[in-house]
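Enquirer: Below are the sequence and a predicted model for it; my questions follow.
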Amino acid sequence: MAEIVSINVSKTKGVRKTPVDDARIGPEGLVGDAHAGDWHRMVSLLALESVDKMRAAGLDVNPGDFAENLTTRGLDLLALPLGTRIRVGAEVVLELTQHGKECHTRCAIYYQAGDCVMPREGVFAKVVRPGTVRVGDPVEVLSGEAEP
């Protein structure tokens with residue numbers, strides 16, 4: 001079963017995020033996070049498997065170091081088509097809006113970590129239904145299901 005292994009927030013864009021045990025996801029993203037706002041990239045997700053690839057390449061990195069809000073395990077995020085809805089925990093529903101991103105300049109994360117995997121393997125989502133998320137919450141793909 002897919003799950004959340006880390007929830008990460010920061011007050012500033014372009015820096016490593018700090019892990020927290022739980023967080024409120026409001027209508028515009030993680031409450032208190034610099035990336036929350038009225039746009040298509042309200043919440044960022046990265047698979048732990050992507051972080052592990054960077055570790056295998058010799059980087060000293062952890063969940064949150066690539067500025068992702070939610071670090072997942074057991075789900076191939078990039079294989080999910082845009083528009084896919086996922087449920088996180090009991091309440092939150094997100095809709096995938098973007099695979100990867102274009103980085104025009106190398107951010108602080110690149111210089112701190114030596115590489116940044118988010119442009120290649122991160123995904124972004126908008127909030128369909130807000131709620132609270134906790135480390136260990138299951139992640140379920142809802143595509144094709146009616147909203148409860």
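Expert: That came through fine.
Enquirer: CA atoms for contacts and neighbours, from now on please.
Expert: OK.
Enquirer: top helix in this structure by residue count?
Expert: helix 48-56 (DSSP state H).
Enquirer: helices or strands up against the following helix or strand past that helix?
Expert: Sequence-wise, the next helix or strand downstream of helix 48-56 (DSSP states H and E) is strand 70-73. If you count contacts as 3 or more CA pairs under 8 Å, 6 or more residues apart in numbering; DSSP states H and E, strand 70-73 packs onto strand 3-9, strand 43-47, helix 48-56.
Enquirer: Which one of the ones you listed lies nearest to Phe124?
Expert: Proximity to Phe124 (CA to CA) singles out strand 43-47 among the helices and strands packed on strand 70-73, at 4.5 Å.
Enquirer: relative orientation of that closest one and strand 3-9 in degrees?
Expert: Using axes from the mean of the first three to the mean of the last three CA atoms, to 10 degrees, the inter-axis angle of strand 43-47 relative to strand 3-9 is 130 degrees.
Enquirer: Mind telling me what element Thr97 is part of?
Expert: Here Thr97 is assigned to strand 92-99, by DSSP H and E.
Enquirer: Off-centre distance for that strand?
Expert: With CA atoms, centre = their mean, to the nearest Å as the basis, strand 92-99 stands 9 Å off its chain's centre.
Enquirer: partners of that strand in the sheet?
Expert: Strand pairing for strand 92-99, determined by DSSP bridges: strand 85-88 (antiparallel), strand 123-129 (antiparallel).
Enquirer: Can you tell me which helix or strand of the protein has the lowest average pLDDT?
Expert: Sorting the helices and strands of the chain by mean pLDDT, DSSP states H and E puts helix 108-113 at the bottom, at a mean of 60.
Enquirer: follow-up on the earlier one: okay if I get the strands paired with strand 92-99 as JSON lines plus distance to Met54 and mean neighbour count?
Expert: Listed next are the strands paired with strand 92-99 as JSON lines, based on distance: least, CA to CA, whole Å; neighbours: other CA atoms under 10 Å:
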{"stretch": "strand 85-88", "distance to Met54": "25", "mean neighbour count": "22"}
{"stretch": "strand 123-129", "distance to Met54": "17", "mean neighbour count": "22"}
